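S.K.: make a model of this:
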Amino acid sequence: MKGKRTGGRAIAVFAVFLLALSLSPTSQTETSQTDRFATLTVAATSTGISLPLQLVIAFGWQIEVKEGFGYPWWTLGCFGVTFVTGREKVEELKDRVLKVCRQTDWNPLIARHARSLASQQIHNWAREPLEWLRWQARITATDSYPASLDPDQPARVRLDDLSAALKRITQNDFTVLVNDPESDSLSFTVSHTKPYRIRLGFQRATKLPSSQRAHWLWWTVAQGDPTAAMVLGELIGSGTGAKWFQLLRGDKPIAYHAIAQVQWTPVGSELTLYAATMPNDFAIARQKTQQLLWELSRGRISGDEFERAKRLAELKFAQMKSDIVAFSRTLTIWLVSGRRLDEWENLPAKIHSLSIKELVAFVQSLPSATEITAVP
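M.R.: You can find the predicted model right below:
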């Protein structure tokens with residue numbers, strides 16, 4: 001009897017809990033938690049600014065702007081910081097960001113702190129072979145100085161170097177995007193500076209600390225339809241059922257890691273195919289990759305895998321829009337590239353209507369690839 005009374009009391013308590021939940025201000029009828037926040041992203045094109053300088057500047061902006069949480073980021077062609085704050089403080093944040101980004105002479109203590117954070121960021125990339133090789137490709141493709149990454153480089157950034165780079169940024173202007181979920185429209189200003197040209201088709205070897213494997217990155221940047229690039233990225237590299245994973249990690253694994261990604265940049269859609277193999281299997285991985293791209297360019301894509309890739313591209317786009325930081329950063333990069341806001345809003349519809357023929361044409365238009373290797 002005691003057990004029955006206890007069970008009945010538990011059911012009654014649970015019922016009261018459900019009633020309270022349905023009447024609470026956090027119920028589904030109320031504004032979601034993320035709608036209480038607004039984001040502001042500031043971005044500058046990286047033409048003529050070395051990567052160590054970009055790192056120091058972005059961290060300096062993060063340090064100086066105290067009205068929100070800052071998330072620095074860097075990609076091919078531009079860099080910046082995405083800030084998050086309460087909706088009621090967004091105008092205060094915007095004023096502070098504009099003031100900070102127009103400063104061309106920094107406090108030495110701020111510069112010192114930013115240099116330290118920049119060095120730590122390069123250390124972080126060094127522990128991630130995919131990111132390390134991708135930045136080696138970006139640096140070489142843009143003929144940037146220095147020619148390779150080193151965690152000690154930010155420490156050599158002088159105040160004069162910073163001042164010259166900041167003056168260049170203020171002269172060319174920068175892009176600012178404000179996203180307030182309660183507003184009917186986005187607020188943004190866009191820089192009109194054209195990003196630099198890049199070169200492709202080169203080969204380069206580098207080293208990774210304490211690596212016992214051969215790491216390989218196939219890298220290229222395409223100027224064509226971004227929706228085709230998105231679907232191609234899902235077709236090749238999304239999950240264990242994708243072509244790249246099955247090719248290198250299927251019945252007879254020849255790679256420890258097989259990762260394929262497509263990212264938007266102001267220069268174009270950046271496609272990377274990354275593999276980590278034992279040195280003896282490196283040549284096999286390269287041969288299989290060339291075979292895969294040849295088959296895709298000949299239209300050897302089944303209807304089922306094509307529809308799966310489109311659906312995954314739609315889901316990834318929706319997932320990105322639900323992340324306020326990723327959404328603000330990605331849309332800012334989209335605007336910096338010179339594309340329009342209405343094109344962005346039409347992306348889901350374009351993904352849905354994409355045909356296999358259009359995807360194959362995109363694959364055939366890919367420029368010559370770059371190979372970056374790190375052999376132990």
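S.K.: C-alpha only now, for contacts and for neighbours.
M.R.: OK.
S.K.: outline the domain layout of this protein.
M.R.: Annotated domains of the chain cover 34-189, 203-374 [automatic domain parsing].
S.K.: kindly check the end-to-end length of the last one for me.
M.R.: Domain 203-374 stretches 11 Å from its first residue to its last (Cα to Cα, to the nearest Å).
S.K.: what does stretch 350-359 give?
M.R.: Distance across stretch 350-359, first residue to last, is 12 Å (Cα to Cα).
S.K.: mind listing what's buried in it?
M.R.: 350-351, 354-356, 359 (16 or more other Cα atoms under 10 Å).
S.K.: how about low-confidence regions in this protein?
M.R.: 1-34, 192-193, 195, 238-239 (pLDDT under 70).
S.K.: 80 instead?
M.R.: Scanning the chain for pLDDT under 80 picks out the ranges 1-35, 181-185, 191-196, 209-211, 238-242, 245, 247-252, 255, 376.
S.K.: who does the most centrally placed residue in it bridge with?
M.R.: Within the chain, one residue has its C-alpha closest to the average C-alpha position: by Cα atoms, centre = their mean, that is Q263, at 6.0 Å. Assessed by DSSP bridges, Q263 has beta-bridge partners E270.
S.K.: does it touch L273 like I think?
M.R.: No. The pair Q263 and L273 does not pass the contact test of Cα atoms under 8 Å, sitting 11.8 Å apart.
S.K.: shared neighbours of these two, anything?
M.R.: Taking Cα atoms under 8 Å, 6 or more residues apart in numbering as the contact rule, Q263 and L273 touch no residue in common.
S.K.: give me the residues contacting stretch 115-127.
M.R.: With contact meaning Cα under 8 Å, 6+ apart, stretch 115-127 is reached by 52, 55-56, 59, 131-132, 149-155, 157, 208-209.
S.K.: just give me the closest of those to G303.
M.R.: When the contacts of stretch 115-127 are compared for distance to G303 (Cα to Cα), E131 wins out at 32.7 Å.
S.K.: which element is that closest one on?
M.R.: In the assignment (DSSP states H and E), E131 maps to helix 129-141.
S.K.: so G48: helix, strand or coil?
M.R.: Taking DSSP: H, G, I helix; E, B strand; the rest coil as the rule, one finds G48 in the coil state.
S.K.: how near is it to Q103?
M.R.: 19 Å.
S.K.: turn the domains of the chain into JSON lines, columns for distance to R197.
M.R.: Formatted as JSON lines, the domains of the chain follow (distance: least, Cα to Cα, whole Å):
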{"stretch": "domain 34-189", "distance to R197": "7"}
{"stretch": "domain 203-374", "distance to R197": "8"}
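S.K.: how many other residues sit next to T240?
M.R.: By the other Cα atoms under 10 Å criterion, the neighbourhood of T240 contains 12 residues.
S.K.: in the protein, which spans are helices?
M.R.: Defined through DSSP state H, the helices belonging to the chain, from first to last, are 2-23, 51-64, 90-101, 108-126, 129-141, 159-172, 226-237, 243-249, 282-297, 303-322, 324-336, 341-345, 347-353, 356-364.
S.K.: quick one on the thing from earlier: just the buried members of the contacts of stretch 115-127?
M.R.: 52, 55-56, 59, 131-132, 149, 151-155, 157, 208.
S.K.: hmm, which two among those residues are most spread apart?
M.R.: Of all pairs drawn from these, the greatest distance, 25.1 Å, lies between F59 and L208 (Cα to Cα).
S.K.: wait, Q54 touches T47, no?
M.R.: No. At 10.2 Å, Q54 does not count as touching T47 under the criterion of Cα under 8 Å.
S.K.: so those two - more neighbours on which side?
M.R.: Here Q54 and T47 are set side by side on neighbour count (other Cα under 10 Å), and the busier one is Q54, at 24 against 19.
S.K.: number of residues surrounding the nearest residue to A164 once chain neighbours are set aside?
M.R.: Of all residues beyond its chain neighbours, the one nearest A164 is T104 (7.7 Å), with distances taken as Cα to Cα, 6 or more residues apart in numbering. Residue crowding around T104 was assessed by other Cα under 10 Å; the count is 17.
S.K.: now T104: how far from L162?
M.R.: Taken as Cα to Cα, the span from T104 to L162 is 8 Å.
S.K.: residues contacting the nearest residue to G224 once chain neighbours are set aside?
M.R.: With Cα to Cα, 6+ apart as the measure, F362 is the residue that lies nearest to G224, at 6.7 Å, once sequence neighbours are left out. Residues in contact with F362 (Cα under 8 Å, 6+ apart) are 224-225, 228-229.
S.K.: again with A242
M.R.: Taking Cα under 8 Å, 6+ apart as the contact definition, A242 lies against 234-236.
S.K.: what's the closest of these to L166?
M.R.: The shortest approach to L166 among those belongs to E234, at 37.9 Å (Cα to Cα).
S.K.: how near is the nearest residue to that closest one once chain neighbours are set aside to L232?
M.R.: Distances taken as Cα to Cα, 6+ apart place A309 nearest to E234, at 5.0 Å, with adjacent residues excluded. Computed with Cα to Cα, the distance linking A309 and L232 is 7 Å.
S.K.: and for V221?
M.R.: From V221 to L232 the distance is 13 Å (Cα to Cα).
S.K.: go on, T206?
M.R.: In this structure, T206 lies at 28 Å from L232, with Cα to Cα as the measure.
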